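>>> Task: produce atomic coordinates for the following.
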Amino acid sequence: MPQPRMRRAVVALAALPLLALGAGQAVAAPAPVPASAPTAPAPASATRVSAIEDEVARTLATSLTDAALRERLRSATATAPGGAAELGPLAAAAQGPAARGLAATAAQADRAIATAKGLGAGLGPLLRVQLADPSMRAALDAGAAPLVATAVADDHARTVRAYDAAGRLHVLDAATVPGQPVYLVDIDTARTLAAGIAVLQREFGALGLGTTGPGAAAPGAVAPGAAVPAVPASAQAAGGWWATKISGIEVSDDEEPWFKGAAEMFSLVTGFGQDGKVKVDSVAMPYLQYDGTVYYPNQILVNWSSYKYNLADVVLMEDDGDTNYLALAQAIAAVLLTIADQGAYIPLVNAVLAALPGSWWTDDPDYVESWYTLARASSGRLNGARGNGWMTVEPYFVQQS
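Predicted coordinates:
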């Protein structure tokens, strides 16, 4: 039985293999290649990152006319952790003009993707390649000619663009696993997520939304805007501090497209700092990869010693590969900095959602779930406001050594 998936292979500490073909599931051949279009530009609606990936996919496909490179790729994707091989190093280690051209394209694309995601330079190889589905391995090993596609960011895409060794475009059905082997070009979102969280923390601090580390907690039956006492000094206990810990969490999703893999998730925890100013903490959740799966991270989500009130909000988000962390931080700060402490707790989820760029509300919903007014004393299962997930939390005292 295939493991359910969430949204995008952006993200785990290690890349995971994509879904296995379910028992009795039909396969389909790719749509015929238009004779008049040996190559095709990315759709006008494509984002900067997806357009870069699309071009790399075409370059990789045409490079596979080199038998040695084709064999190196087949071997690497069979032995790499999770089946995902770093494209740049793989091409750089190969010989011949095709490999050299691919290595140069991959290196340039890595730099362009880092810039497009607001991460700067120096991250190293970002592009990966993996077989789209384990069921394709037998045909690939038997010598079947592969296509090369990109892991589409749009969860509701009806088609997937792929290229053959002649650079011709094939349009694949997004709802049915292809019968022909397909390599997927994707981003190592474990690496970009870690770098993105660092950018969020840095930018929030620089923009006046001072962050301190893990931040937020669990629900309380408190009406929005109701007066809430400030966290007493005893909550910032000598020798340690109170936190909210996630002991279990699950996110729901009904989609299982073959061109997706693991998700890369993170939370934005918002509240009022001890100085009365809005603060935001970014919390990476790299373990939260697939829907329909319960995870038991025992992760600290909120450090209550840095909050004025005993309430905070949590917004769960996903890096779909196109996330620009610098732009995200600036957009959120522009809204939250207009909110002043009125002596009563004000839920901030709606303000965060209002700040999200418009592209985050199209077919690739980076906003996953939210929890309003989580309280320091909350414990037990907390259902999200969207009905798309839940988490089990408990108060936890962090003892100073």
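>>> From what I see, Ile197 and Phe266 are in contact.
Yes. When contacts are counted by Cβ atoms under 8 Å, Ile197 is listed as touching Phe266 (6.1 Å). Bear in mind the C-beta positions are built from the backbone N, C-alpha and C, glycine included.
>>> Now do the shared contacts for those two.
Jointly contacting Ile197 and Phe266 under the rule Cβ atoms under 8 Å, 6 or more residues apart in numbering are Ser282, Val283, Ala284.
>>> Which of the residues you listed ranks first by neighbour count?
Ser282 (25 neighbours; other Cβ atoms under 10 Å).
>>> how much space between that one and Ala174?
Distance, Ser282 to Ala174, using Cβ to Cβ, to the nearest Å: 32 Å.
>>> next one: Gln330
33 Å.
>>> hang on, the earlier thing: out of Ile197 and Phe266, which sits in the busier spot?
Phe266 (24 against 19).
>>> Leaving out chain neighbours, which residue sits closest to that one?
Excluding the flanking residues, the one nearest Phe266 by Cβ to Cβ, 6 or more residues apart in numbering is Ala284, at 5.1 Å.
>>> so who does that neighbour touch?
Contacts of Ala284 by Cβ under 8 Å, 6+ apart are Leu193, Ala194, Ile197, Phe266.
>>> How about the secondary structure of it?
Under DSSP: H, G, I helix; E, B strand; the rest coil, Ala284 falls in the strand class.
>>> do you know how far it is from Glu203?
15 Å.
>>> try Asn388
27 Å.
>>> Comparing these two, which residue is more hemmed in?
Glu203 (22 against 18).
>>> what secondary structure does the more buried one sit in?
Glu203 - assigned by three-state DSSP - is helix.
>>> where in the stretch 101-250 of the chain is pLDDT low?
Scanning the stretch 101-250 of the chain for pLDDT under 70 picks out 153-155, 210-238.
>>> now the helices for it?
137-141, 189-206 (DSSP state H, counting those that start in this stretch).
>>> As JSON lines, those helices with distance to Ala94 would be great.
Converted to JSON lines, the helices of the stretch 101-250 of the chain look like this (distance: least, Cβ to Cβ, whole Å):
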{"stretch": "helix 137-141", "distance to Ala94": "18"}
{"stretch": "helix 189-206", "distance to Ala94": "22"}
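>>> Can you say which of these is packed in most?
Highest mean neighbour count among the helices of the stretch 101-250 of the chain (mean count of other Cβ atoms under 10 Å): helix 189-206, with a mean of 21.
>>> now could you export just the CA positions of that helix as PDB?
The C-alpha trace of helix 189-206 is given here as PDB (Å, rounded to 0.1, in the frame of the first residue of the first chain):
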ATOM      1  CA  THR A 189      14.400  21.400   0.100                       C
ATOM      2  CA  ALA A 190      15.900  20.000   3.300                       C
ATOM      3  CA  ARG A 191      18.800  22.300   2.600                       C
ATOM      4  CA  THR A 192      16.700  25.200   1.400                       C
ATOM      5  CA  LEU A 193      14.300  24.900   4.400                       C
ATOM      6  CA  ALA A 194      17.200  25.100   6.900                       C
ATOM      7  CA  ALA A 195      18.600  28.100   5.100                       C
ATOM      8  CA  GLY A 196      15.200  29.700   4.800                       C
ATOM      9  CA  ILE A 197      14.400  29.400   8.500                       C
ATOM     10  CA  ALA A 198      17.700  31.200   9.200                       C
ATOM     11  CA  VAL A 199      16.700  34.000   6.800                       C
ATOM     12  CA  LEU A 200      13.300  34.300   8.500                       C
ATOM     13  CA  GLN A 201      14.800  34.500  11.900                       C
ATOM     14  CA  ARG A 202      17.400  37.100  10.800                       C
ATOM     15  CA  GLU A 203      14.900  39.200   8.900                       C
ATOM     16  CA  PHE A 204      12.300  39.100  11.600                       C
ATOM     17  CA  GLY A 205      14.900  40.200  14.100                       C
ATOM     18  CA  ALA A 206      16.200  43.000  11.900                       C
END
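>>> I'd like to know which elements that helix is packed against.
strand 265-272, strand 278-285, helix 325-336 (3 or more Cβ pairs under 8 Å, 6 or more residues apart in numbering; DSSP states H and E).
>>> CSV for those, including distance to Pro297 and mean pLDDT?
CSV is the format used below for those (distance: least, Cβ to Cβ, whole Å; pLDDT from 0 to 100):
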stretch, distance to Pro297, mean pLDDT
strand 265-272, 11, 92
strand 278-285, 7, 91
helix 325-336, 22, 88
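>>> follow-up on the earlier one: ok, the shared contacts of Ile197 and Phe266 vs Ala80, which is closest?
Ala284 (22.8 Å; Cβ to Cβ).
>>> so how far is Val182 from Tyr163?
From Tyr163 to Val182 the distance is 10 Å (Cβ to Cβ).
>>> er, Asn298 actually
38 Å.
>>> quick one, which of the two is more surrounded?
Val182 (24 against 11).
>>> Wait, that one touches Met136, no?
Yes. If you go by Cβ under 8 Å, Val182 and Met136 touch, sitting 6.6 Å apart.
>>> What backbone torsions are found at Ala151?
phi -80, psi 100 (degrees, to the nearest 10).
>>> and it, how many neighbours?
Ala151, neighbours per other Cβ under 10 Å, totals 26.
>>> which SSE is Pro347 in?
Element membership for Pro347, per DSSP states H and E: none, as it lies in no helix or strand.
>>> pretty sure it contacts Trp371?
No. The criterion here is Cβ under 8 Å, and Pro347 misses it with Trp371 at 10.1 Å.
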